[in-house]
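Asks: Quick one, fold the following:
(chains A and B)
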Amino acid sequence: MRKYYIFIAALGVLTAVFIIGGLSLTGSPFSEKLIKLDQQRLNDFNTIKYAIENYYRDKKVLPVNLRILPSNIKLSDPKSGKEYDFAVISSTQYKLCTEFSADTEKSGPERGVIYSNSSSSTSHRKGYDCISYSIPSYAMRPTPTPYRSPASLTMTTLCPGSFMNDECILPNGCLDSDGLNYFKRGSITYSNPTGEGLITLFDKCIEGLNQVEENYCNPKQPEDSFEMTGNRIVYEPDVRIYQCAAGYECRNGACVVVVTD
Amino acid sequence: MAEDKVVNLPVKESLWDTFEHILLFISLYVFAIAFTLMLHQFIDGISPAAENTNALRYVSKYLVRGYLASLIVSYPLFSFFFLRVKKRAQKNPDVRHLASRKRLIYFTMIVAFIIVLINITSIIYNFLSGNVTLNFLLHFAATVGVASIIFAYLLNEIKEERKAYA
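Replies: Numbering: from 1, shown residues only, chains lettered A, B, ... in the order given. Below you'll find the model as predicted:
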């Protein structure tokens, strides 16, 4: 019987070594908790960053404070419950601050998980620290290149709407080939607001980031449309930035599954 | 034949011993699997797989946590049932001839044999295609090592019984 006890004791020692080794690989449960909190903060920052970019796209200025962003965005720290600090640095730069629980070195991203798709660094120190962001160039709405049909004869074939009095009329002012489909490269066509002809914009990838710039037709506010066109809904061109999910990459204007050879 | 020497225990005892043996083997499986997989994670930590291999081998915190939890749960269970079964076998040597015990031992040996067989085949295949790296050899050694130890131990048990009752 003695030899069995020795065997079990030896196995116990080996298991203990494995458990200690395993903990050194994963980090202690206590520090993991702190890292999780920091990840939550960075995720919140990322959501705020997108909301600020959308706000900037609409208003061409940075918000004065975070409360004017959509109400579904979490603006308070997961631990202290205090609101994140927001400070404008310049017309296109701002920073978000909060009390972090750990240094970034310890909470480095695990492989296969995307934490931040921002080009700016998300490293931070333990304690009160700030992360600076700047409005990327893509958030400044691109000026479309007008596409003008060369002649009215060819225009009948190119006109996606109805052709009336030598003019192509789109039924709702804007036509979208794929809706908000981020997985397909679609295009929108709309009447040139500053001149003749139609403008066609294709979905495209944002260089360097795994994001797709999805063009779509956004319905106008009901009261506006009523005033202008009776009860017919009018659509106007708009753009939405979509972050391709993990396992997808942006290629040729669409999020496609990453293929590894 | 050893089978001829099987002594029928009273039904109640036999059922209880069968039950304990099943629990012992279940905890053995969980422990051995968690132990081996943990070993694989250590190997990847020490000698990472080459970048150009297709194997998705890297130290995953999520997996290590799972193996840790399995080890923490299965080690005490395995130790408890192992010592209990051994004690009972000492007190009542007929326990060693329980049919269900033999079935479990043979089943486990077959599984261990299949694991070793598959691993040896895969290492020869990889050797032939020139893909053998240190990382690969260590993974092979870990799996085959654990499976072989279990196989050898059980084989020894069976041999001893056969010798004792031959």
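Asks: can you map out the helices along the chain?
Replies: All of this is about chain A. Along chain A, counting by DSSP state H, helices occupy A:2-26, A:29-59, A:152-158, A:222-229.
Asks: meant chain B, my bad for not saying
Replies: B:11-46, B:61-91, B:99-128, B:134-165.
Asks: Check whether the second one comes near chain A.
Replies: Yes: with Cβ under 8 Å from any Cβ of the partner chain as the threshold, helix B:61-91 lies in contact with chain A, specifically through B:61, B:64-65, B:67-68, B:71-72, B:75, B:79, B:82-83, B:86-87, B:90. Yep, even glycine has a C-beta here, placed from its N, CA and C like the rest.
Asks: tell me which residues in that helix are buried?
Replies: B:61, B:63-65, B:67-68, B:70-71, B:74-75, B:77-79, B:81-83, B:85-86, B:88-89 (16 or more other Cβ atoms under 10 Å in any protein chain shown).
Asks: Among the residues of helix B:61-91 next to chain A, which has the minimum pLDDT value?
Replies: For the residues of helix B:61-91 next to chain A, the weakest pLDDT value sits at residue B:61, with 81.
Asks: just checking, residue B:90 touches residue A:2?
Replies: No: using Cβ atoms under 8 Å, residue B:90 is not in contact with residue A:2, being 11.4 Å away.
Asks: Please look at residue A:236 and residue A:199 and confirm they touch.
Replies: No: contact criterion Cβ under 8 Å: residue A:236 and residue A:199 do not qualify, at 11.8 Å.
Asks: where do the contact lists of those two overlap?
Replies: Here residue A:236 and residue A:199 share the contacting residues residue A:190, scored by Cβ atoms under 8 Å, 6 or more residues apart in numbering or on different chains.
Asks: Check residue A:132 and give its pLDDT.
Replies: For residue A:132, the predicted pLDDT is 88.
Asks: now do the one 4 residues further on
Replies: What the model reports for residue A:136 is a pLDDT of 80.
Asks: hang on, isn't it packed against residue A:53?
Replies: Yes: at 7.2 Å, residue A:136 counts as touching residue A:53 under the criterion of Cβ under 8 Å.
Asks: Residue A:174 - how many residues pack around it?
Replies: Using other Cβ atoms under 10 Å in any protein chain shown, residue A:174 has 23 other residues around it.
Asks: mind listing what it touches?
Replies: Neighbours of residue A:174 in contact, by Cβ under 8 Å, 6+ apart: A:188, A:189, A:190, A:217, A:234, A:235, A:236, A:237.
Asks: Out of the residues you listed, which sit inside strands?
Replies: Cross-referencing the contacts of residue A:174 against strands under DSSP state E gives A:188, A:189, A:190, A:217, A:235, A:236, A:237.
Asks: Show me which pair in those is furthest apart.
Replies: A:189 and A:236 (12.4 Å; Cβ to Cβ).
Asks: more crowded one of those two?
Replies: Set residue A:189 next to residue A:236 and count neighbours by other Cβ under 10 Å: residue A:189 wins out with 22 against 17.
Asks: dump the residue contacts of the more buried one.
Replies: Residue A:189 neighbours (Cβ under 8 Å, 6+ apart): A:160, A:170, A:174, A:175, A:198, A:199, A:200.
Asks: I'd say residue A:216 and residue A:240 touch.
Replies: Yes: using Cβ under 8 Å, residue A:216 makes contact with residue A:240 at a distance of 6.4 Å.
Asks: Comparing those two, which residue is more hemmed in?
Replies: Each of residue A:216 and residue A:240 has its neighbours counted (other Cβ under 10 Å); residue A:216 has more, 20 against 15.
Asks: any idea how far the more buried one lies from chain B?
Replies: According to Cβ to the nearest Cβ, to the nearest Å, residue A:216 and chain B sit 36 Å apart.
Asks: mind checking which of the helices of chain B is nearest residue A:101?
Replies: Going by Cβ to Cβ, the one of the helices of chain B nearest residue A:101 is helix B:61-91, 17.6 Å.
Asks: The closest one vs helix B:99-128, what angle?
Replies: 140 degrees (axes from the mean of the first three to the mean of the last three Cα atoms, to 10 degrees).
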